[in-house]
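Trainee: Coordinates for the following, if possible.
(one chain, ligands or ions: 3)
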Amino acid sequence: MNKIAPELENVRSVAIAGHMRPDGDCVGACMGLYLYIKDNFPHIDVQVYLEKIPVSYNFIKGTEDICSDFGADKEYDLFIGLDSGDRQRYGDAVKYLDAAKRSICIDHHISNSGYADVNHIVPGASSTSELIYELLDEEKITNPIAEALYMGIAHDTGVFQYTCTSPRTMEIGGKLIGKGIPFTKILDDTYYKKTYVQNQITGRALMESILLLHGTCIASGIRMKDMEFYGVDTSDLDGIVSQLRNTKGVEVAIFLYEIKAQEFKVSMRSNEIVDVQEVASYFGGGGHVRAAGCTMQGSIYDVLNNLTRRIEIQLKAWENKK
Ligand code: AMP
Ligand code: MN
Ligand code: MN
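Mentor: Ligands and ions are numbered 1, 2, ... in the order given. Below is the predicted model of the structure:
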């Protein structure tokens with residue numbers, strides 16, 4: 001796929017959806033594309049389906065139109081799924097994919113199975129928002145679209161720091177900044193600034209973290225009762241795993257939070273050696289080489305035992321190759 005416009009010919013209704021617990025890239029890509037279709041294809045009935053987004057993203061134009069209730073059945077001419085490596089990641093919104101006459105998936109996860117009619121998957125790309133940028137006509141990118149895409153690219157690259165950042169990513173970042181968007185404020189409000197309780201729970205997770213595999217792995221977990229105690233929800237836990245990864249000498253960071261009794265959402269980050277996507281995929285999840293996730297059952301200790309066993313295999317193989 002070169003551009004999105006030819007895909008919209010003879011299309012009268014479009015559903016755009018992203019993954020559960022939507023992050024900055026997911027929201028940026030969905031809203032960037034949504035605003036572009038509204039501006040340039042006014043005859044198309046377009047709807048964005050996303051679970052509730054963090055309130056700090058509400059400055060993005062059009063977020064008030066997002067539908068977070070997936071109850072109504074509707075058959076769209078075209079379903080465009082963004083930033084989701086597999087069908088399950090859409091949650092209940094997967095029904096719009098199943099019912100649609102045609103489907104397109106735009107994504108950058110290596111683990112993407114190619115579940116749509118048209119699959120535009122670029123695993124090396126920094127973000128889905130970068131892929132969306134490339135599919136639009138540059139001169140039709142308005143400031144609200146630029147704000148959405150800039151947020152998405154900045155979030156998935158750790159503000160242009162991670163290795164997924166390419167010269168082209170920086171070029172696109174430059175073009176978006178060139179439109180005159182308030183990029184400092186966007187990053188402060190959506191990425192750096194934490195609420196008091198977010199800082200408190202991060203502090204708690206760091207304080208209770210443990211080192212495993214001779215200090216090469218750091219792990220921490222938050223239980224539901226801790227979240228209740230601090231009055232936080234799962235979206236307040238974003239960023240804890242990157243904070244853990246910042247520990248000197250550590251190759252892999254693991255952060256777990258309890259979703260229900262004996263069930264944990266796992267987030268992993270690595271620095272240079274371990275392919276955490278391989279580990280997450282082994283346990284039914286996915287992601288990228290340096291950032292991946294999955295859901296696992298058992299006690300915190302069962303989960304950590306299972307994960308570290310897979311990580312150790314990779315660390316040993318790397319030692320042997322040296
Ligand atoms: P997270 O640790 O949740 O920030 O996720 C890191 C990366 O792994 C993101 O690109 C996610 O899309 C991906 N990921 C997280 N959880 C899962 C999962 N259960 N299944 C597939 N991919 C996941
Ligand atoms: Mn995402
Ligand atoms: Mn992404």
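Trainee: Tell me the residues of the stretch 101-250 of the chain that contact ligand 3?
Mentor: Listed as neighbours of ligand 3 in the stretch 101-250 of the chain under the rule C-beta under 5 Å from the ion: Ser127, Thr128, Asp156. In this view, the C-beta of every residue, glycine as well, is placed from N, C-alpha and C.
Trainee: so which of these comes closest to Leu315?
Mentor: Asp156 (26.1 Å; C-beta to C-beta).
Trainee: what's the residue lying closest to the closest one once chain neighbours are set aside in contact with, if anything?
Mentor: Nearest residue to Asp156, sequence neighbours excluded (C-beta to C-beta, 6 or more residues apart in numbering): Ser127, at 3.6 Å. Residues near Ser127 by C-beta atoms under 8 Å, 6 or more residues apart in numbering: Asp25, Gly28, Ala29, Asp83, His108, Gly152, Ile153, His155, Asp156, Thr157, Cys164, Thr169.
Trainee: same deal with Ser103?
Mentor: By C-beta under 8 Å, 6+ apart, the contact list for Ser103 reads Leu78, Phe79, Ile80, Gly81, Leu97, Ala116, Asp117, Val118.
Trainee: Now, of the residues you listed, which are buried?
Mentor: Leu78, Phe79, Ile80, Gly81, Leu97, Ala116 (16 or more other C-beta atoms under 10 Å).
Trainee: still on that earlier bit, distance of the residue nearest to Asp156 relative to ligand 2?
Mentor: When distance is defined by C-beta to the ion, to the nearest Å, Ser127 is 8 Å away from ligand 2.
Trainee: next one: Cys217
Mentor: Between Cys217 and ligand 2 the computed distance is 24 Å (C-beta to the ion).
Trainee: Tell me, how many residues neighbour that residue?
Mentor: By the criterion of other C-beta atoms under 10 Å, Cys217 has 25 neighbours.
Trainee: Name whatever forms a beta bridge with it.
Mentor: In this entry, Cys217 is beta-bridged to Leu212, Val252, by DSSP bridges.
Trainee: Return the per-residue confidence for it.
Mentor: Looking at Cys217, its pLDDT stands at 98.
Trainee: Just the buried residues of stretch 254-270, please?
Mentor: Buried residues in stretch 254-270 (16+ other C-beta under 10 Å): Ile254, Phe255, Leu256, Tyr257, Glu258, Phe264, Lys265, Val266, Ser267, Met268, Arg269, Ser270.
Trainee: Does the second one touch Ile210 like I think?
Mentor: No: between Phe255 and Ile210 no contact is recorded; they are 11.9 Å apart, counting by C-beta atoms under 8 Å.
Trainee: anything in contact with each of the two?
Mentor: Jointly contacting Phe255 and Ile210 under the rule C-beta under 8 Å, 6+ apart are Ala219, Ser220.
Trainee: Same list (the residues of the stretch 101-250 of the chain next to ligand 3) but as JSON lines, adding secondary structure and pLDDT.
Mentor: Converted to JSON lines, those look like this (DSSP: H, G, I helix; E, B strand; the rest coil; pLDDT from 0 to 100):
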{"residue": "Ser127", "secondary structure": "coil", "pLDDT": "98"}
{"residue": "Thr128", "secondary structure": "helix", "pLDDT": "98"}
{"residue": "Asp156", "secondary structure": "helix", "pLDDT": "97"}
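Trainee: what lines up beside the one helix or strand in the chain whose mean pLDDT sits lowest in the sheet?
Mentor: Of all helical and strand segments in the chain, the minimum by mean pLDDT, DSSP states H and E falls on strand 286-287, at a mean of 92. Next to strand 286-287 in the sheet, as set by DSSP bridges, lie strand 291-297 (antiparallel).
Trainee: Could you see whether ligand 3 lies near the strand it pairs with?
Mentor: No: residues of strand 291-297 are not located near ligand 3 by C-beta under 5 Å from the ion, the shortest gap being 9.1 Å.
Trainee: ok so, going back, which one of the buried ones among the contacts of Ser103 is nearest ligand 1?
Mentor: If you rank the buried ones among the contacts of Ser103 by distance to ligand 1 using C-beta to the nearest ligand atom, Gly81 comes first, at 12.7 Å.
Trainee: For that closest one, which residues are in contact?
Mentor: Applying C-beta under 8 Å, 6+ apart, we find Gly81 in contact with Ile16, Ala17, Gly18, Tyr90, Leu97, Ser103, Ile104, Cys105, Ile106, Asp107, Ala116.
Trainee: Which ones, among the residues you listed, also lie beside ligand 1?
Mentor: Among the contacts of Gly81, none lies close to ligand 1 by the criterion of C-beta under 6 Å from any ligand atom.
Trainee: Can you report how many residues neighbour the spatially closest residue to Asp238 that is not a sequence neighbour?
Mentor: Of all residues not flanking Asp238 in the chain, Asp23 sits nearest, at 7.2 Å (C-beta to C-beta, 6+ apart). When neighbours are defined as other C-beta under 10 Å, Asp23 has 19 of them.
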